[in-house]
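Engineer: model this:
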Amino acid sequence: MKAEYVNPFLNGTVNVLKTMAFVDPKPGKPYVKQDKKAVGDISGVIGLTGSTKGAVVVSFSRECAMKVVSSMMGEQYTDLTDEVRDAVGEITNMVSGDARRSLAELGANFEAGIPTVVVGKGHEITSMGKGPCLAIPFKVDNFDMTVEISFE
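Structural biologist: Prediction:
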């Protein structure tokens with residue numbers, strides 16, 4: 001994976017969550033994932049095509065999803081309702097869009113599919129790409145979320 005593909009997703013995540021959900025995500029050290037198991041309890045997934053094929057996964061712990069979506073919607077959520085699922089899909093779409101704008105400035109153009117949301121502790125996400133999957137962990141308050149990116 002090209003190193004210049006990572007920062008747009010890191011910056012896109014911070015921009016979207018600060019602007020739309022009024023939270024301050026703190027990025028951790030990126031790492032290469034060794035398995036298909038999602039880090040969180042709810043994940044938004046978007047496939048990318050264009051300069052190469054890839055995927056973006058935004059995965060939240062249950063607690064982090066409640067925090068972020070409650071702040072974003074101005075309403076308290078205590079369960080992974082349809083509204084929370086929709087919001088996770090939209091956050092994933094916005095992170096992807098912000099990153100794709102930055103990547104386009106580098107000459108890498110991508111189109112995104114429609115986000116899919118997967119829920120459940122220990123769910124697995126199999127990427128169609130052949131490349132490695134890079135995970136960028138974030139903390140929102142003391143709650144965990146991870147953005148995963150993979151490209152061929």
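
Engineer: can we go C-alpha only for contacts and neighbour counts from here?
Structural biologist: Fine.

Engineer: Now do the contacts for Cys133.
Structural biologist: Residues in contact with Cys133 (CA atoms under 8 Å, 6 or more residues apart in numbering) are 32-33, 148-151.

Engineer: Can you pull the phi/psi pair for it?
Structural biologist: Torsion angles at Cys133 (phi, psi; degrees, to the nearest 10) stand at phi -110, psi 120.

Engineer: ok, Pro8 - how many residues close by?
Structural biologist: Per other CA atoms under 10 Å, the neighbour tally for Pro8 reads 19.

Engineer: and if you look at the one 4 residues further on?
Structural biologist: Residue neighbour count, defined by other CA under 10 Å, stands at 20 for Gly12.

Engineer: Not counting its neighbours along the chain, what's nearest Gly89?
Structural biologist: Excluding its sequence neighbours, the residue lying closest to Gly89 (CA to CA, 6 or more residues apart in numbering) is Gly44, at 5.1 Å.

Engineer: ok, that neighbour touching Ala38?
Structural biologist: No: when contacts are counted by CA atoms under 8 Å, Gly44 is not listed as touching Ala38 (10.6 Å).

Engineer: related to what we said a few turns ago, work out for me the element the residue nearest to Gly89 sits within.
Structural biologist: strand 42-50 (DSSP states H and E).

Engineer: chain center to that strand, what's the gap?
Structural biologist: 8 Å (CA atoms, centre = their mean, to the nearest Å).

Engineer: repeat for stretch 5-20
Structural biologist: 9 Å.

Engineer: immediately after the longest helix along the chain, which helix or strand?
Structural biologist: Secondary structure assigned by DSSP state H gives helix 82-105 as the longest helix of the chain. Downstream of helix 82-105, the first helix or strand assigned by DSSP H and E is strand 110-112.
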